[in-house]
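A.B. asks: Just need the structure, nothing else, for what follows:
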Amino acid sequence: QVQLVESGGGLVQAGGSLRLSCAASGSIFRINVMGWYRQAPGKQRELVAALDSGGRLNSADSVKGRFTISRDNAKNTVFLQMNSLKPEDTAVYYCNAQGILYSGGYYEDYWGQGTQVTVSS
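C.D. replies: Sure thing, here's the model as predicted:
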């Protein structure tokens, strides 16, 4: 079993900041990519930002310059520092990890339960 536990969501005014954290635990052998997705009401889940184990970044244009992703590979944790938040950032934010359970296994997606981020205008 692999679990991703998120924390740090909440309600903030436009222009404010929040920091999300996610820790992966369980019998996971190796994680390649860790990142964050979000889903607003009535919309599809979308990538916010993700880092692979080598530090390569993939992020949405809408958050560049405002959000910063970081990770601690040794602790299987990932963080999302969100600054200059806008009402359109309001969504449920999901932690994602792509990992394998044993050497030579296939990478699978694992998801957290989601944390609500609400930005008021």
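
A.B. asks: before we move on, which element is the spatially most central residue of the chain in?
C.D. replies: Among the residues of the chain, the one closest to the centroid is Trp36, at 2.2 Å (Cα atoms, centre = their mean). Using DSSP states H and E, Trp36 maps to strand 30-39.

A.B. asks: Tell me what Ser59 is bridged to.
C.D. replies: On the basis of DSSP bridges, Ser59 is bridged to Ala49.

A.B. asks: The residue of the chain most remote from its centre sits in which helix or strand?
C.D. replies: Using Cα atoms, centre = their mean, the residue of the chain lying farthest from its centre is Gly104. It sits 25.5 Å away. Gly104 belongs to no helix or strand when assigned by DSSP H and E.

A.B. asks: now it: how far from Thr77?
C.D. replies: Distance, Gly104 to Thr77, using Cβ to Cβ, to the nearest Å: 25 Å. Any C-beta I mention is one placed from the backbone N, CA and C, and that applies to glycine too.

A.B. asks: neighbouring contacts of the strand holding Trp36?
C.D. replies: Residues from elsewhere that reach strand 30-39, judged by Cβ atoms under 8 Å, 6 or more residues apart in numbering: 20, 22, 24, 45-53, 58, 69, 71, 73, 76, 78, 80, 89, 91-100, 103, 107, 114, 117.

A.B. asks: burial count for Arg56?
C.D. replies: Using other Cβ atoms under 10 Å, the number of residues around Arg56 comes to 9.

A.B. asks: Thought Asn76 was touching Ala24, still the case?
C.D. replies: Yes - counting by Cβ atoms under 8 Å, Asn76 is a contact partner of Ala24 at 4.0 Å.

A.B. asks: where exactly do the strands run in the chain?
C.D. replies: Per DSSP state E, the chain carries strands over the ranges 2-7, 10-13, 18-26, 30-39, 46-51, 57-59, 67-72, 77-82, 91-100, 108-111, 115-120.

A.B. asks: Mean pLDDT for the ones you listed - can I get that in a markdown table?
C.D. replies: Output for those, formatted as a markdown table (pLDDT from 0 to 100):
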| stretch | mean pLDDT |
| --- | --- |
| strand 2-7 | 94 |
| strand 10-13 | 98 |
| strand 18-26 | 96 |
| strand 30-39 | 96 |
| strand 46-51 | 98 |
| strand 57-59 | 95 |
| strand 67-72 | 97 |
| strand 77-82 | 98 |
| strand 91-100 | 96 |
| strand 108-111 | 95 |
| strand 115-120 | 98 |
